[in-house]
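K.L.:
Sequence first, predicted model second:
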Amino acid sequence: MSELTDITNSRNPDLSIKGESVERIYGFYRDETFLVNRRYQRKLVWMIDEKRSFIDSIIHGFPVPLILLADTEHEDKSRLEILDGMQRLNAILSFIEGEYPVDGKYFDLETMARTKELRDELILRQKQPSLDRSVCTQIVGYQLPLSIYRFTSPEQVDEVFRRINSNGKHLSRQELRQAGSVGLFADTVRRLAAAIRGDASHSDLLPLKDMSMISITSRDLPYGINVDDVFWVRESILTREYIRESRDEELVADLVAYIALSPKPPSNSQRLDEYYDRYGDDNSRHQEIEDSIRKHGPESIIENFIVVYDEIRKVLKIADKKFNVLMFKGAGPRVPRYYQTIFLAVYSLLVDDEMIVEDRAGLAQSLDGIGQKHINIGGGGGRWSAKERQKNVDAVTGVIRRYFRPRTSEDPALDSWTTKLENILTQSTTEQNLYDFKQGLFTLDDEPKFDEESLEKIGMTLTAIANKGPGVTGYVIVGISDKKETAERVNSIHGVDFTEQKPFFVTGLDHEAQIQHKSFDDYFIFVVDKLKRLPLHADLKDYVLREVRHARFYGKSVLILKTESQGQPLAWKGEYYVRHGSSVRKIAPDNFSILFKRFHPR
């Protein structure tokens, strides 16, 4: 009997409440037993002082709140989904792994066999000075109180999550709206907000140990995405505390509602509550927003939203000013309604009027001081009427229209890869088996030549990702390296400066086009012709060729190769392959049944 079976069997038969030692909890953590459902769980938001305070309670043997878990299955394994207590679990488990000290001292990895083994394998590193072994032993022996419940449906999980957080003491108003909300509006807002923050994940379900890689943190905690680098904070549109409270999602929700609905709605908290159907009364406004999102198509709304967002980022880069300073002199670090006004004006021209920016520098100059000259937010209270918002949007649209022109058939479609690629890089840290990165398609020799072997490996990788299972989508990005040494080699041979986008290095492919004395368009055609000759399965080849894209990322050209499950296992040169982490492995004949079962479970 496994340890997990042991702790989930002694219940009545649906509920078990008992204590488990920190040492045993750590074993579950390393074995990826703890799952986080990002559909309703918030980010890791505890600051370092809050984490230290929790560890101090454990050291002194004080009681701590119950951790609520759902006994579930994921990818054919028994898991425990965290309903309440994610911050507490992360605090103790990250302390054990040396993420931060308590009273200036770090956990002694010699205390547990598991941490000692991980240290010996160089997975963990002992930081100094270390905490007294006797104190560490006391910590790992502490009994954390767990409540484990077996749910019969996802709806039960959602309802329990709503109930335990209904008093609002732990969650912000926006987090309570999003908690367990499964509607199209909530899902669209959640996906957009995560894409802009940079903490998007490929799947809603993540092991707890991966959460730190995509969580918003401060400079005191050496992981994840620094809150000062988040667009909203960097441009002084929202404060750090507002991000912690998910006020960025409120802003996105306001914009999505305005885009989707006609007539245009006002902006206030009560209206957002109704859109989310927070009180479960199936009100007409909730149905109205759901029907409207369905009519427009959530993917279309997300695509158009990101295009406008990326265009504003480009303008801000040219202006070389933070957004709040661009609006008017002396603006504070909270100007969300000014951002809404500018966003919706640009949206109306790019999307509604089907135009394109003709003079980005002129557009940037026209926005300098526009908040003082042409935007009148009023009192800035909790309510913003539809009439006032529309009046401001119309005023800005009139000022900036001259820097746009009608889109022609020769112009590219509304599509932007900047934010998409940023999120692919982030997602790859938690789903390595769905993403692969190549610096280029030419050898890194003093006399570079096209690397046929590297192209073959790409074909094998595209096939292996597609064999992950039904509904799987993955990418191979060419022009980005995951090793600094490789980027430095590109620089030494071709004189190409690379851009660091942690933990990756953008080298681009423009130098490879120059090697062939071709334009990048000709280079793209050359690569597509090479792809056509790969011995890919016919259905997969057709998909890859239809979806291949060229994008500009940090001023450099990259290629995006997209792969997708074709509903059956695919062979590469008569052999079956699958991705494990960042490597491709051939499947032995004895394991064919496991592969085929993924696609035909019954």
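P.N.:
Thanks, I have it. Not measured: the values here are computed from a predicted model.

K.L.:
List the contacts of Val528.
P.N.:
Val528 makes contact with 545, 548 under the criterion Cβ atoms under 8 Å, 6 or more residues apart in numbering. Every C-beta, even on glycine, is put in place using the N, C-alpha and C of the backbone.

K.L.:
So for the helix or strand containing it, mean pLDDT?
P.N.:
Assessed by DSSP states H and E, Val528 sits inside helix 520-532. For helix 520-532, the mean pLDDT works out to 94.

K.L.:
what's the offset of that helix from the middle of its chain?
P.N.:
Using Cα atoms, centre = their mean, to the nearest Å, the mean C-alpha position of helix 520-532 is found 31 Å from that of the whole chain.

K.L.:
Dump it to PDB, keeping only the CA atoms.
P.N.:
This file holds the C-alpha atoms of helix 520-532, laid out as PDB (Å, rounded to 0.1, in the frame of the first residue of the first chain):
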ATOM      1  CA  PHE A 520      14.300  36.500 -44.700                       C
ATOM      2  CA  ASP A 521      11.200  35.800 -46.800                       C
ATOM      3  CA  ASP A 522      13.300  33.700 -49.100                       C
ATOM      4  CA  TYR A 523      15.000  32.000 -46.200                       C
ATOM      5  CA  PHE A 524      11.500  31.200 -44.800                       C
ATOM      6  CA  ILE A 525      10.500  29.600 -48.100                       C
ATOM      7  CA  PHE A 526      13.800  27.700 -48.100                       C
ATOM      8  CA  VAL A 527      13.000  26.200 -44.700                       C
ATOM      9  CA  VAL A 528       9.400  25.400 -45.500                       C
ATOM     10  CA  ASP A 529      10.700  23.500 -48.600                       C
ATOM     11  CA  LYS A 530      13.100  21.500 -46.300                       C
ATOM     12  CA  LEU A 531      10.200  20.700 -43.900                       C
ATOM     13  CA  LYS A 532       8.100  19.400 -46.800                       C
END
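
K.L.:
Toward the C-terminus, what is the element adjacent to it?
P.N.:
Next element after helix 520-532 (DSSP H and E): helix 538-547.

K.L.:
List the contacts of that next one.
P.N.:
By Cβ under 8 Å, 6+ apart, helix 538-547 touches 462-463, 466, 528, 531-532, 534, 536, 561-564, 566, 570.

K.L.:
and the gap between the nearest residue to Gln566 once chain neighbours are set aside and Glu564?
P.N.:
Counting by Cβ to Cβ, 6 or more residues apart in numbering, Asp539 is the residue found nearest to Gln566 once chain neighbours are left out, at 4.6 Å. Distance of Asp539 to Glu564, given as Cβ to Cβ, to the nearest Å: 10 Å.

K.L.:
Compare the two and say which one has the larger neighbour count.
P.N.:
Between Asp539 and Glu564, Glu564 has the larger neighbour count (other Cβ atoms under 10 Å), namely 17 against 14.

K.L.:
Do I have it right that Leu93 meets Thr33?
P.N.:
No: the pair Leu93 / Thr33 is not scored as a contact, 11.9 Å apart, by Cβ atoms under 8 Å.

K.L.:
Okay, buried residues for the helix or strand in which His286 is found please.
P.N.:
Taking DSSP H and E as the criterion, His286 maps to helix 284-296. Within helix 284-296, the residues scored as buried using 16 or more other Cβ atoms under 10 Å are 285-286, 288-290, 292-293, 296.

K.L.:
Over to stretch 97-117?
P.N.:
For stretch 97-117, by 16+ other Cβ under 10 Å, it's 97-102, 106-109, 111-112, 114-115.

K.L.:
can you check stretch 296-316 too?
P.N.:
Those would be 296, 298, 301-313, 315-316, for stretch 296-316 by 16+ other Cβ under 10 Å.

K.L.:
Can you list phi and psi of Gly98 for me?
P.N.:
phi 80, psi 30 (degrees, to the nearest 10).

K.L.:
Which residues are in contact with the nearest residue to it once chain neighbours are set aside?
P.N.:
Nearest residue to Gly98, sequence neighbours excluded (Cβ to Cβ, 6+ apart): Lys127, at 4.6 Å. Residues near Lys127 by Cβ under 8 Å, 6+ apart: 98, 101, 106.

K.L.:
Buried residues in stretch 553-562, which are they?
P.N.:
Using 16+ other Cβ under 10 Å as the burial criterion, the residues of stretch 553-562 that qualify are 553, 556-562.

K.L.:
same check, this time on stretch 63-80
P.N.:
64, 67-72, 74, 79-80.

K.L.:
and if you look at stretch 136-154?
P.N.:
Within stretch 136-154, judged by 16+ other Cβ under 10 Å, the buried ones are 136, 138-140, 142-144, 146-149, 151.

K.L.:
could I have that stretch exported to PDB, CA atoms only?
P.N.:
The C-alpha trace of stretch 136-154 is given here as PDB (Å, rounded to 0.1, in the frame of the first residue of the first chain):
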ATOM      1  CA  CYS A 136      15.400  21.000  11.900                       C
ATOM      2  CA  THR A 137      14.400  17.600  13.300                       C
ATOM      3  CA  GLN A 138      11.700  19.200  15.300                       C
ATOM      4  CA  ILE A 139      10.400  20.900  12.100                       C
ATOM      5  CA  VAL A 140      10.200  17.800  10.000                       C
ATOM      6  CA  GLY A 141       8.500  15.900  12.800                       C
ATOM      7  CA  TYR A 142       5.800  18.500  13.100                       C
ATOM      8  CA  GLN A 143       2.300  17.200  12.400                       C
ATOM      9  CA  LEU A 144       0.500  19.300   9.800                       C
ATOM     10  CA  PRO A 145      -3.300  19.000  10.100                       C
ATOM     11  CA  LEU A 146      -4.800  17.700   6.800                       C
ATOM     12  CA  SER A 147      -8.400  17.400   5.800                       C
ATOM     13  CA  ILE A 148      -8.700  15.100   2.800                       C
ATOM     14  CA  TYR A 149     -12.000  14.700   0.900                       C
ATOM     15  CA  ARG A 150     -13.000  12.500  -2.000                       C
ATOM     16  CA  PHE A 151     -15.200  14.500  -4.400                       C
ATOM     17  CA  THR A 152     -17.500  12.900  -7.000                       C
ATOM     18  CA  SER A 153     -17.400  15.900  -9.400                       C
ATOM     19  CA  PRO A 154     -15.400  19.100 -10.200                       C
END
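
K.L.:
Can you check the pLDDT for the residue nearest the centre of the chain?
P.N.:
Closest to where the C-alpha atoms of the chain average out (Cα atoms, centre = their mean) is Ala200, at 1.0 Å. With respect to pLDDT, Ala200 scores 80.

K.L.:
rewinding a little: what is the nearest of the contacts of Lys127 to His600?
P.N.:
Nearest to His600 among the contacts of Lys127 is Gly98, at 44.7 Å by Cβ to Cβ.

K.L.:
hang on, the earlier thing: could you dump the buried residues of stretch 136-154 to TSV with distance to Arg177 and pLDDT?
P.N.:
Below are the buried residues of stretch 136-154 laid out as TSV (distance: Cβ to Cβ, whole Å; pLDDT from 0 to 100):
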residue	distance to Arg177	pLDDT
Cys136	41	97
Gln138	41	96
Ile139	37	96
Val140	38	96
Tyr142	35	96
Gln143	35	96
Leu144	30	95
Leu146	28	93
Ser147	25	91
Ile148	27	90
Tyr149	24	86
Phe151	22	74
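
K.L.:
and the helix holding Val528 with helix 538-547, angle?
P.N.:
Angle, helix 520-532 to helix 538-547, by axes from the mean of the first three to the mean of the last three Cα atoms, to 10 degrees: 170 degrees.

K.L.:
In TSV, list the buried residues of helix 284-296 along with distance to Tyr577 and pLDDT.
P.N.:
Below are the buried residues of helix 284-296 laid out as TSV (distance: Cβ to Cβ, whole Å; pLDDT from 0 to 100):
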residue	distance to Tyr577	pLDDT
Arg285	50	92
His286	46	92
Glu288	48	94
Ile289	44	94
Glu290	42	94
Ser292	44	92
Ile293	39	93
His296	40	87
